[in-house]
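[1] predicted coordinates and the sequence they were generated for:
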Amino acid sequence: MGNDVFEITVNAVKLIVVFLLMVQAVPILVWLERRGSAFIQNRFGPNRVGPLGLLQLLADAVKFITKEDFAPDKAIRKLFYAAPVFALIPATLAYAAIPMSLPFMVPAFEMLGSTWGPYTFRVQGYEIGVGIVFILGVSSLAAYTILMAGWGSGSKFSLLGALRAAAQVISYELALGLSIVGVILLYGTFNLTEMIQAQQGPLQFTAFGHTITSAVSWIPNWGIFYQPIGFLLFFAAAFAESNRLPFDLAEGEAELVAGFHTEYGGFKMLMFFIGEYGHMMIASGLATTFFFGGYGIPGITPDELQQIILGWGFSEAGAGGLNSLIHFLSYNVKFAIFLWIFIQVRWTLPRFRYDQLMDLGWKTMLPWALANTIATAVIIYAVS
Amino acid sequence: MTADAFLFWFLALSTVAGGVMVVSLTNPIYAALSLAFTMVSVAAVFVTLEAFFVAGVQLIVYAGAVMVLFVMVLMLFDLKHEVESFARGKVTGAIKLLAAGLLAGLLIGAILYSSSGELGSSAPQAAAQIDSTKTLGYRLFTQHIFAFEALGVLLLVIAVGVVALSRSKGGTHGKH
Amino acid sequence: MVNTNVFLEIGLNHYLVLSTVLFCLGMIGVLLRKNAIVMLMSIELMLNAVNISFIAFGKYNSNIDGQIMVFFVMTIAAAEAAVGLALAVSIFKRFKEVNIRFFEHLKG
């Protein structure tokens, strides 16, 4: 956490801020999703409350909170009420481990009559050495909330939806994990920050002791150029993991009403919503980090940008802060593009059938992920 | 109380509490959920022992896959009212509890008795220097490669066996 | 006079005692419960206890092999769970219950 009171305080506040960032992104995403779907389907969407319907979020929130707190007769109350609360935990824990910008330095300063040493703060909830393993592990706990909600509701639709969803999450976790192995082999680390650092600078392949730099200097050294199949598999599996179309068999309105959250309403429903969007955000953040350089900006390294900002007449610390902010914006642009792809896909593609879903997971994606892993390992071994 | 000590006692308490609930709760679903809680606590115990990668694997494999399977099967069965959850017979039950207690006492006694040796008192120094995950992978694929391959074969056999078991007559799709 | 050092300085013994307690809890579960699945879960508990002692020994001996053993134990535990659950499902389909006393009907 830190060595003195100031550092511990800042780190604790940071955790809360990251959590709020995630939670506060949800209403914006909901608005984007509703307006975006309307745009895709050539209709208006919510446009009455406030400019562009932006205040619709507020109205929704009020509606969610003021609804009657209701549990069905046959529900097992303990699980029924616990499930939405647990739905937030895996998403939050995983999201806080994704680095969002350059760490920034705070130089030594005087406060309350004593000197507070120089600090380095990372723009992420916490740094974990084995980042990917932690994120995969924590997000695999999401299956419990689904099962608890499905069984606790005491309804057949909920139970069926939950069993489907859990089976789907477990199946696709395998493909998801294997698709990342290529990336791990490539960068030789589990740590997300180190991965991002490896992706800085222009595209260059190192083979047999020679370095081939690409002729166009602004093409970045991103993972997507080394692992295109890995990226496709990862992104497809991420859709399945977050239970969204075209893999939202768990909901399947025509068959199961609404899947595992059939019996939920009001604020409890909202918690599930936040959990689902949280998974979407984790998938977007991870795709950005693994394959698109994280917070890096194409064509310029953080050090070069730091020099440019220093040229504008900022102090060392101020330039560091501004640099961090610019990289944070860069991360968020990439992040937002992925989120938009999630929304676009949801409103464009039809739903899979359940056997097609299982076939895709086990018979297509798993072999391809394995082949990708082996090919990557062989090439890395042969080339180095 | 230092942070390390607090962490250990907290995790020990939650692990043991989870274990007690697994054994004592009559509804198997609650037992399975508390076992999942125990697994997460054990993963945290691994973190305090600086085995970060193993802790992650514990989360993914145990808490994320094995226990989810248990919970799913139990929910499929829907065993809400279990008639005979504990073994019959008060005397035999007492003897069994006594035996388990005796084993625990014996083991703890042995641990405390042997603690005067060099192992228990020596401080961990070299553990921090190991870049543990890389070393782990290297050792796994050089020194222990035979065991690794044998486990692969075992998993294949078991996968075939489970499919055969659930397909056979009297299994999930059998007519009897 | 109670020696407070036992509570403040965490060493190998603490982890070993924790492991022992968990192991014996698992043993009680196997001995006392009649539900086949709960017995399987108790076995998982015992395996976890063993894992804790492996990792603790590995750390205090500065030897990574303890962690490798844990991998093997985890693999075997997962395999065992798969077989056990498949058997339990078969029994359940037949008798609508997973009590261990139905396993005596397995002889053929």
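    Thanks, I have it. Residues are numbered from 1 along each chain as shown, chains lettered A, B, ... in the order given.
[2] surely residue A:177 meets residue A:136?
    Yes. Taking contacts as Cβ atoms under 8 Å, residue A:177 lies within contact range of residue A:136: 5.9 Å. C-betas here are computed from N, CA, C, even on glycine.
[3] list residues touching both of those two?
    Contact criterion Cβ atoms under 8 Å, 6 or more residues apart in numbering or on different chains; residues shared by residue A:177 and residue A:136: residue B:60.
[4] who has more neighbours, the two?
    Neighbour count, other Cβ atoms under 10 Å in any protein chain shown: between residue A:177 and residue A:136, residue A:136 has more, with 22 against 18.
[5] the helix or strand hosting that one vs chain B: in contact?
    Residue A:136 is part of helix A:131-139 when elements are defined by DSSP states H and E. Yes. Using Cβ under 8 Å from any Cβ of the partner chain, helix A:131-139 reaches chain B at A:133, A:134, A:136, A:137, A:138.
[6] let me have the residues you listed in JSON lines, adding pLDDT as columns.
    JSON lines is the format used below for these (pLDDT from 0 to 100):
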{"residue": "A:133", "pLDDT": "87"}
{"residue": "A:134", "pLDDT": "88"}
{"residue": "A:136", "pLDDT": "88"}
{"residue": "A:137", "pLDDT": "88"}
{"residue": "A:138", "pLDDT": "88"}
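[7] list the buried ones in stretch A:225-238?
    A:226, A:227, A:230, A:231, A:232, A:233, A:234, A:235, A:236, A:237, A:238 (16 or more other Cβ atoms under 10 Å in any protein chain shown).
[8] ok, now stretch A:349-361?
    In stretch A:349-361, counting by 16+ other Cβ under 10 Å, buried: A:351, A:352, A:357, A:358, A:360, A:361.
[9] just checking, the second one touches residue A:245?
    No. Under the contact definition of Cβ under 8 Å, residue A:352 does not touch residue A:245, with a separation of 9.1 Å.
[10] of the residues of helix A:131-139 next to chain B, which is the most crowded?
    Ranking the residues of helix A:131-139 next to chain B using other Cβ under 10 Å puts residue A:138 first, with 27 neighbours.
[11] show me the contacts for that one.
    A:90, A:93, A:94, A:97, B:59.
[12] from residue B:64, how far off is it?
    Taking Cβ to Cβ, to the nearest Å as the measure, residue A:138 falls 9 Å from residue B:64.
[13] turn the buried residues of stretch A:349-361 into JSON lines, including pLDDT.
    What follows is those, written out as JSON lines (pLDDT from 0 to 100):
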{"residue": "A:351", "pLDDT": "81"}
{"residue": "A:352", "pLDDT": "81"}
{"residue": "A:357", "pLDDT": "84"}
{"residue": "A:358", "pLDDT": "85"}
{"residue": "A:360", "pLDDT": "87"}
{"residue": "A:361", "pLDDT": "84"}
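[14] closest one of those to residue C:50?
    Closest approach to residue C:50 among the buried residues of stretch A:349-361 (Cβ to Cβ): residue A:361, at 32.9 Å.
[15] lowest-pLDDT helix or strand in chain B?
    Lowest mean confidence among the helices and strands of chain B (mean pLDDT, DSSP states H and E): helix B:118-121, at a mean of 47.
[16] next SSE downstream of that helix?
    Trace forward from helix B:118-121 with DSSP H and E and the next one is helix B:132-142.
[17] that next one near chain C at all?
    Yes. Legend: contact between helix B:132-142 and chain C by Cβ under 8 Å from any Cβ is shown at B:132, B:135, B:136, B:139, B:140.
[18] pull the most distant pair out of the contacts of residue A:138.
    Longest span within the contacts of residue A:138, Cβ to Cβ: A:97 and B:59, 12.8 Å.
[19] show me which of the two is the more surrounded one.
    residue B:59 (25 against 22).
[20] does that one belong to a helix, a strand or coil?
    Here residue B:59 is recorded as helix under DSSP: H, G, I helix; E, B strand; the rest coil.
[21] check contacts around residue A:265.
    A:67, A:68, A:70.
[22] which ones are touching the second one?
    The neighbourhood of residue A:68, defined by Cβ under 8 Å, 6+ apart, consists of A:265, A:266.
[23] close to chain C, is the helix or strand harbouring residue B:6?
    Secondary structure assignment for residue B:6, by DSSP H and E: helix B:3-24. Yes. Helix B:3-24 is in contact with chain C by Cβ under 8 Å from any Cβ, via B:4, B:5, B:8, B:9, B:12, B:15, B:16, B:19, B:20, B:22, B:23.
[24] between the residues of helix B:132-142 next to chain C, which is closest to residue B:73?
    residue B:140 (30.9 Å).
[25] the spatially closest residue to the closest one that is not a sequence neighbour and residue B:30, how far apart?
    In this structure, residue B:140 finds its nearest non-sequential neighbour in residue C:68, 5.5 Å apart by Cβ to Cβ, 6 or more residues apart in numbering or on different chains. Distance, residue C:68 to residue B:30, by Cβ to Cβ: 34 Å.
[26] ok, the two, which is more surrounded?
    When residue C:68 and residue B:30 are compared for neighbours, residue C:68 comes out ahead with 22 against 17, by other Cβ under 10 Å.
[27] all helices for chain A, in order.
    Using DSSP state H, the helices of chain A run over A:5-40, A:56-66, A:77-96, A:131-139, A:142-152, A:156-187, A:192-198, A:228-241, A:253-256, A:266-291, A:302-311, A:316-346, A:354-359, A:366-383.
[28] average pLDDT for the first one?
    Averaged across helix A:5-40, the pLDDT comes to 85.
[29] how far is it from where the chain is centred?
    Its chain's C-alpha centre and that of helix A:5-40 lie 12 Å apart, by Cα atoms, centre = their mean, to the nearest Å.
[30] now that helix: buried residues?
    A:6-7, A:11, A:14, A:18-19, A:22-23, A:25-27, A:29-38.
[31] next, the angle from it to helix A:316-346.
    30 degrees (axes from the mean of the first three to the mean of the last three Cα atoms, to 10 degrees).
[32] where do the contact lists of residue A:97 and residue B:59 overlap?
    A:134, A:138.
[33] so how do I select the buried members of the residues of helix B:132-142 next to chain C in PyMOL?
    To isolate the buried members of the residues of helix B:132-142 next to chain C in PyMOL, using 16+ other Cβ under 10 Å:
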select buried, chain B and resi 132+136+139+140
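[34] can you put the residues of helix B:132-142 next to chain C in a markdown table and add pLDDT and distance to residue A:371?
    Below are those laid out as a markdown table (pLDDT from 0 to 100; distance: Cβ to Cβ, whole Å):
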| residue | pLDDT | distance to residue A:371 |
| --- | --- | --- |
| B:132 | 74 | 29 |
| B:135 | 81 | 28 |
| B:136 | 83 | 25 |
| B:139 | 85 | 27 |
| B:140 | 86 | 22 |
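[35] now the two most distant members of the residues of helix B:132-142 next to chain C.
    It's B:132 and B:140 that sit farthest apart of the residues of helix B:132-142 next to chain C, by Cβ to Cβ, at 11.8 Å.
[36] residue contacts, the closest residue to residue A:75 other than its chain neighbours?
    Nearest in space to residue A:75, with sequence neighbours left out and distances taken as Cβ to Cβ, 6+ apart, is residue A:154 at 4.5 Å. Contacts for residue A:154 were tallied using Cβ under 8 Å, 6+ apart; they are A:72, A:73, A:74, A:75, A:76, A:80, A:263.
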